[in-house]
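Engineer: Model the following, please.
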Amino acid sequence: MENTKVQWHPGFVAAMNLEFTENRGDLIFEKEYNLNTKPLEIDLLVIKKNSDIRIDNEIGRIFRGHNILEYKSPEDHLDIDTFYKTGAYAGLYKSYGKTLDSIKADDVTVSMVREIKPEGLFGYFTEHGYAITNPYQGIYYVNNNVLFPTQIVVTGELNRRGHIWLRSLSEKLGEQDIKDLIEKIRGLKQKQDREMADSVFEVSVRSNEQIVKNMLGDDGMSKELLEIMKPIIEPMMIKLKNESMQQGMQQGMQQGLQQGVEKTINIMRSLGCDDSQIENAIMEQYELSADVVKGYMFS
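Structural biologist: Just a heads-up that it's a prediction; the model follows:
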């Protein structure tokens, strides 16, 4: 798989949508919500259509009418300045209502989400008299010295089964975590859910490449992974094609093409693809006839 920078935030937005599947009809999700002009941008704004609706997911128990969420990927820090910045974004959001005080202060909440508990920030809370409670596993409420009800969600501490989407946004997944995620995705019926799950899965795969490569070598898992990994496999095939064409310019086009096709055939066979799937993929990616492809496959 190509070693590209993991795009964590689209995966986060998708995971939050999936976290609130049971209440999705009651909520409006606004990703990368612009407060004014960039870079004043909220990672995710969740608006309750009806403030009286109860959110079943414990992450949403704190939610009121307008809910600002800040997500920090494993490579980002969550420190006191980020804490205040997110609170300031919430204040700006409240002040930008259509009319004076149209967004009430007591109708706004702030959530900060990170995989690992920010010990430095919690140390600051202790030193400066913040009151912290832990009402649910992995969820911490900051109860004073804040303008709005505020929580910190530590995804690595959340219940493994109950919050699989957020917990899958990690660089520390094991084979069982990947298997559980695949099983969860296979159970999804709605097209919208599958599309968002694909976004979460892509982040999980790209940030845990070695684990996934090990699983691809397991005949029992390769077929399960194949369909879900299709959006990731296809760019890899295109990359192989481009590499083979580049080789062709240096070594002779035919030799480079042959090497690229053979690599692709070997990869797809290791993934459990049948001959017809391989043949169709090679014909499409390399623009070869069926007879030529068969010659490569059965030589």
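Engineer: shaky segments in the stretch 101-250 of the chain?
Structural biologist: 216-250 (pLDDT under 70).
Engineer: quick one: Pro135 is in a strand?
Structural biologist: Yes: residue state for Pro135 (DSSP: H, G, I helix; E, B strand; the rest coil) corresponds to a strand.
Engineer: Please tell me how far it sits from Arg194.
Structural biologist: 32 Å (C-beta to C-beta, to the nearest Å). All C-beta spots, glycine's among them, are computed from the backbone N, C-alpha and C.
Engineer: cool, and Lys294?
Structural biologist: Shown here: Lys294 relative to Arg194, a distance of 33 Å by C-beta to C-beta.
Engineer: same thing with Met16?
Structural biologist: With distances taken as C-beta to C-beta, Met16 is found 16 Å from Arg194.
Engineer: Which one's more surrounded, those two?
Structural biologist: Comparing Met16 with Arg194 by other C-beta atoms under 10 Å, the one with more neighbours is Met16, at 25 against 14.
Engineer: How about the contacts made by that one?
Structural biologist: Phe29, Leu44, Val46, Leu69, Trp165, Leu166 (C-beta atoms under 8 Å, 6 or more residues apart in numbering).
Engineer: which residues are in contact with the helix or strand that contains the fourth one?
Structural biologist: When you say that, I think you mean Leu69. According to DSSP states H and E, Leu69 maps onto strand 66-72. Strand 66-72 has contacts (C-beta under 8 Å, 6+ apart) with 8-9, 12, 16, 42-48, 60, 78, 82, 86, 89-90, 93-94, 103, 107-114.
Engineer: next structured bit after the helix or strand hosting Gly260?
Structural biologist: Secondary structure assigned from DSSP H and E places Gly260 in helix 253-270. Under the assignment DSSP H and E, the closest C-terminal helix or strand after helix 253-270 is helix 275-286.
Engineer: buried ones in that following helix?
Structural biologist: Ile278, Glu279, Ala281, Ile282, Gln285, Tyr286 (16 or more other C-beta atoms under 10 Å).
Engineer: what number of residues lie near Glu30?
Structural biologist: So Glu30, with other C-beta under 10 Å, has 12 neighbours.
Engineer: Just the CA trace of the one helix or strand Gln192 maps to, in CSV.
Structural biologist: Secondary structure assigned from DSSP H and E places Gln192 in helix 191-206. Provided in CSV are the C-alpha atoms of helix 191-206 (Å, rounded to 0.1, in the frame of the first residue of the first chain):
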residue,chain,number,x,y,z
LYS,A,191,-25.6,2.7,1.4
GLN,A,192,-24.9,5.8,3.4
ASP,A,193,-23.6,3.8,6.4
ARG,A,194,-21.4,1.7,4.1
GLU,A,195,-19.9,4.7,2.5
MET,A,196,-19.0,6.3,5.9
ALA,A,197,-17.7,2.9,7.1
ASP,A,198,-15.4,2.8,4.1
SER,A,199,-14.0,6.1,5.2
VAL,A,200,-13.3,4.8,8.7
PHE,A,201,-11.8,1.6,7.3
GLU,A,202,-9.5,3.4,4.9
VAL,A,203,-8.0,5.4,7.8
SER,A,204,-7.7,2.2,9.9
VAL,A,205,-5.9,0.3,7.0
ARG,A,206,-3.5,3.2,6.1
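Engineer: Which pLDDT value does the model give the residue lying closest to Trp165 once chain neighbours are set aside?
Structural biologist: Excluding the flanking residues, the one nearest Trp165 by C-beta to C-beta, 6 or more residues apart in numbering is Ala15, at 3.8 Å. Looking at Ala15, its pLDDT reads 87.
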